[in-house]
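Asker: return atomic coordinates for the entry below.
(one chain, ligands or ions: 2)
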Amino acid sequence: MTIAPVLTIAGSDSSGGAGVQADLKTMTMLGCFGMSAITALTAQNTLGVQGICPVPAEFLKQQIAAVCEDIPPAAVKVGMVYDTPQILAIAEAVAQYQLPHVVVDPVMVATSGDPLLKQQAQQALTEQLFPLAELLTPNLPEAEQLTGTSITSPPQMEQAARQLSETYHTAVLLKGGHSMGSCNDLLYAAGTATWFSGQRTDAPNTHGTGCTLSSAIASFLAQGASLEESVRRGKAYISGAIAAGLSLGHGHGPIAHNYAILKKDHIT
Ligand SMILES: Nc1ncnc2c1ncn2[C@@H]1O[C@H](COP(=O)(O)OP(=O)(O)OP(=O)(O)O)[C@@H](O)[C@H]1O
Ligand SMILES: Cc1ncc(CO)c(N)n1
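Answerer: Numbering: from 1, shown residues only. Ligands and ions are numbered 1, 2, ... in the order given. So this is what the prediction gives:
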């Protein structure tokens with residue numbers, strides 16, 4: 001039997017809802033074989049980030065090499081990266097191993113508002129990593145920071161996604177989770193804008209939604225789906241996982257990655 005292997009390069013979330021833990025759960029649920037290269041340990045829960053212990057860039061590179069020299073991934077998701085040396089190490093590895101289907105989630109702050117990327121590293125992220133991506137998945141605050149514009153309407157979302165796509169020569173999925181109304185996401189790829197509509201679930205439990213969506217898209221790309229199809233199916237998965245209504249912790253709780261099997265008595 002074969003299962004598409006997918007690599008996540010991201011930070012660990014001790015509370016299990018975001019980061020590498022969310023990525024591996026998502027890849028498993030969507031029929032892929034998840035592998036990881038960890039950029040940082042975070043002491044984190046649904047209330048916030050209490051500590052960050054970054055991995056030295058050399059050791060990050062060693063993890064990526066160990067994976068790629070043995071089980072070449074069919075797609076890669078990049079999430080939290082901490083500093084410039086890490087970003088350079090990832091960019092080098094993407095080139096050296098010719099990694100396919102690279103989805104970059106430009107994680108800058110956690111749902112709780114805590115910063116996850118060193119401020120001085122933003123330039124390296126945009127200059128070194130963005131151009132290597134097949135898809136970038138910023139949320140609204142990240143897109144505002146990256147474009148230096150305010151984004152409060154669908155036409156402004158289209159304008160910002162186009163600007164990012166043209167600047168970095170990559171497709172962009174601008175996520176609408178931080179908007180006030182519906183959770184509509186915009187894909188701008190090869191000069192074409194496509195909307196993916198989503199009903200807002202009225203609950204604070206959205207910890208790790210961005211990590212989950214980017215991993216879901218990478219998983220479908222690894223299985224051979226087109227970019228548009230991968231985004232459509234990724235959006236369906238994230239919407240279901242949020243709507244399932246898991247309630248854990250005292251802050252922004254996690255989502256139910258395994259919602260599709262929760263009601264089934266499939267192992268007896
Ligand atoms: N309350 C909600 N109800 C339904 N869908 C949502 C909700 N919040 C976010 N989404 C969807 O979840 C996906 C992730 O978007 P979001 O804007 O939350 O990413 P993010 O801010 O990067 O996530 P993270 O919490 O991991 O930082 C998008 O498809 C978005 O539309
Ligand atoms: C480790 C990690 N990566 C990403 C996010 C963004 O949700 C988070 N909260 N923690």
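Asker: in the chain, what spans have low per-residue confidence?
Answerer: Residue ranges of the chain with pLDDT under 70: 264-268.
Asker: 90 - rerun?
Answerer: For the chain, the stretches with pLDDT under 90 are 107-120, 177-182, 202-204, 262-268.
Asker: does any bit of the longest strand along it sit next to ligand 2?
Answerer: Using DSSP state E, we find that the single longest strand of the chain is strand 33-45. Yes: Strand 33-45 reaches ligand 2 (Cβ under 6 Å from any ligand atom) through 42, 44. From N, CA and C alone the C-beta is placed, and that goes for glycine too.
Asker: what's the following helix or strand after that strand?
Answerer: For strand 33-45, the following helix or strand on the C-terminal side (DSSP states H and E) is strand 48-54.
Asker: against residue 73, how distant is the residue in the stretch 51-200 of the chain positioned nearest to ligand 1?
Answerer: Using Cβ to the nearest ligand atom, the closest approach of the stretch 51-200 of the chain to ligand 1 is made by residue 177 at 2.4 Å. In this view, residue 177 and residue 73 are 27 Å apart by Cβ to Cβ, to the nearest Å.
Asker: try residue 139
Answerer: Distance of residue 139 to residue 73, computed by Cβ to Cβ: 25 Å.
Asker: equivalent analysis for residue 25, please.
Answerer: Distance, residue 25 to residue 73, using Cβ to Cβ: 17 Å.
Asker: between residue 177 and residue 73, which one's more packed in?
Answerer: Using other Cβ atoms under 10 Å as the criterion, residue 177 and residue 73 rank with residue 73 on top: 26 against 18.
Asker: tell me if I'm right that the more buried one and residue 3 touch.
Answerer: No: here residue 73 does not reach residue 3: they are 11.8 Å apart, not a contact under Cβ atoms under 8 Å.
Asker: near ligand 2, which residues of the stretch 51-200 of the chain are found?
Answerer: Contact residues (Cβ under 6 Å from any ligand atom) of the stretch 51-200 of the chain with ligand 2: 79, 80, 107, 110, 111, 116.
Asker: so what's residue 143 up against?
Answerer: Residue 143 makes contact with 151, 157, 160, 161, 164, 174 under the criterion Cβ atoms under 8 Å, 6 or more residues apart in numbering.
Asker: also residue 96?
Answerer: Taking Cβ under 8 Å, 6+ apart, we find residue 96 in contact with no residue.
Asker: repeat that with 10 Å
Answerer: Going by Cβ atoms under 10 Å, 6 or more residues apart in numbering, residue 96 touches 61, 64, 65, 68.
Asker: got the angle for the helix or strand harbouring residue 95 vs strand 48-54?
Answerer: For residue 95, the enclosing helix or strand under DSSP H and E is helix 84-96. Relative orientation of helix 84-96 versus strand 48-54 (axes from the mean of the first three to the mean of the last three Cα atoms, to 10 degrees): 70 degrees.
Asker: and helix 84-96, C-alpha only, in CSV?
Answerer: This file holds the C-alpha atoms of helix 84-96, laid out as CSV (Å, rounded to 0.1, in the frame of the first residue of the first chain):
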residue,chain,number,x,y,z
THR,A,84,16.5,34.4,10.0
PRO,A,85,19.0,31.5,10.2
GLN,A,86,16.0,29.0,10.3
ILE,A,87,14.5,30.7,7.3
LEU,A,88,17.7,30.5,5.3
ALA,A,89,18.1,26.8,6.3
ILE,A,90,14.6,26.0,5.1
ALA,A,91,15.1,27.9,1.8
GLU,A,92,18.4,26.0,1.2
ALA,A,93,16.6,22.7,1.9
VAL,A,94,13.7,23.5,-0.5
ALA,A,95,16.3,24.1,-3.2
GLN,A,96,18.6,21.2,-2.4
